[in-house]
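K.L.:
I would like the atomic coordinates for the input below:
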Amino acid sequence: MTQRFGRLDALRGAAMLWMGMYHVFFDLNHFRFIRQDFYADPFWTTQRTIILSTFLFCVGFGQAVARQRGQDGSRFWKRWIQVAGCALLVSVGSWLMFPRSFISFGVLHAIAVMLIVLRFTGHWGRGLWLAGAVALVLPLLVQDPIFDTRLTNWTGLVTRKPVTEDYVPLLPWIGVAWWGLATGRWVLARHSWLAAGSIPGAARPLAILGRWSLSFYMLHKPLLIGMLLLWIRVAR
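P.N.:
Numbering: from 1, shown residues only. Below is the predicted model of the structure:
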């Protein structure tokens, strides 16, 4: 019950490290040290898609691990409260810094909703693959202006992308998490060594980072912004 899935932790850690590096350049751009278009340039938008897909895949896989271990409700809801609380802090912090484009439904908000959905759909078995496919395709087929408000754009069925610093709607992204859950169920049932096998020494720091992903996510942005503000102040 205490076994760590080191390879899964390392994959999550790699996504977090890549995200941290991405945010370094994002913040450099925000403070005008560099000039890049993070909202339209494929070089940056593709990276964001890969980072987010990897992390949400790990969220789904992690729920497969929790299900296999028989995680009880108290542990689940304790973790959920941590994620939801951090999502609220992100909204407040982003509103203070970006009042016109604050984060109302970013990655942590999405994960908070997805964790509940994943917990109550984990028994779907092979149906998880179909559910994931439908979730990925549905936003391409169903779009309506009624979903374009801050109160409804979390669905993902929008006709235009909202003005916000981070937007991770339930659709299509829960499809990635569902596929992560489906993959996790299959791996744990047949080839658990793929997730729990040994990892090279060089990858162990990534595994450690992966175990503390929420803490890293919450701390790295304030630290980055703080260091850049300090640098600007000193440079003056």
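K.L.:
for the protein, what spans make up the strands?
P.N.:
Counting by DSSP state E, the chain has no strands to list.
K.L.:
which secondary element of it has the worst mean pLDDT?
P.N.:
helix 193-196 (a mean of 79; mean pLDDT, DSSP states H and E).
K.L.:
can you pull out the low-pLDDT segments for this structure?
P.N.:
Along the chain, segments meeting pLDDT under 70 span 1-3, 236.
K.L.:
so which bits of the longest helix seen in it are buried?
P.N.:
Scanning the chain for the helix with the most residues, using DSSP state H, yields helix 42-68. Counting neighbours by 16 or more other CB atoms under 10 Å, one finds that the buried residues in helix 42-68 are 44, 47-48, 51-67. The way it works is simple: take the backbone N, C-alpha and C, and place the C-beta from them, glycine included.
K.L.:
quick one: contacts for the residue nearest to Leu8 when sequence neighbours are not counted?
P.N.:
Among residues not flanking Leu8 along the chain, Ala195 sits closest, at 4.8 Å (CB to CB, 6 or more residues apart in numbering). Going by CB atoms under 8 Å, 6 or more residues apart in numbering, Ala195 touches Phe5, Arg7, Leu8, Phe61, Val65, Gly184, Val187, Leu188.
K.L.:
quick one, which of these are buried?
P.N.:
Phe5, Arg7, Leu8, Phe61, Val65, Gly184, Val187, Leu188.
K.L.:
and the first one, how far from Phe216?
P.N.:
Looking back up the chat, that one is Phe5. Separation of Phe5 from Phe216 (CB to CB, to the nearest Å): 18 Å.
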